[in-house]
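In: prediction below, plus the sequence it came from.
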Amino acid sequence: MLRLYVKATDLLDRLRNDKDGVVSFEYVIVASVVVIAVATAFGSGKTGAIESALSTGISNIVSYLPAAS
């Protein structure tokens, strides 16, 4: 257990001092925030605000199309 703690501490220390590692870690944070924002916008299942707006819009467009004969 002590070996794992020492390895983790060493890894975090190298990451803290490595500017490239910090930048890539920031990209991970930004990507996770984008994923959370998209998941929130679309919602889980068919309950999201965007799904509702798209469904209503498509229904309105279809209702204006002439019936196929």
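Out: Received the coordinates, thanks.
In: how about the helices in this structure?
Out: 2-17, 19-42, 49-64 (DSSP state H).
In: kindly reformat these as CSV and extend each row with mean pLDDT.
Out: Formatted as CSV, those follow (pLDDT from 0 to 100):
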stretch, mean pLDDT
helix 2-17, 82
helix 19-42, 79
helix 49-64, 85
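In: could those go into CSV alongside mean neighbour count?
Out: Backbone N, C-alpha and C define where each C-beta goes, glycine included. Below are those laid out as CSV (neighbours: other CB atoms under 10 Å):
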stretch, mean neighbour count
helix 2-17, 10
helix 19-42, 10
helix 49-64, 10
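In: how far does stretch 37-56 sit from the chain's center?
Out: 14 Å (CA atoms, centre = their mean, to the nearest Å).
In: start and end of that stretch, how far apart?
Out: 22 Å (CA to CA, to the nearest Å).
In: from here on, count from 55
Out: Yep, numbering from 55; the last one is stretch 91-110 now.
In: wait, residue 105 sits on residue 96?
Out: Yes. Using CB atoms under 8 Å, residue 105 is in contact with residue 96, at 6.2 Å.
In: what residue lies at the spatial centre of the chain?
Out: residue 89 (0.3 Å; CA atoms, centre = their mean).
In: tell me the contacts of that residue?
Out: The contact partners of residue 89, by CB atoms under 8 Å, 6 or more residues apart in numbering, come to none.
In: okay then, goodbye and thanks.
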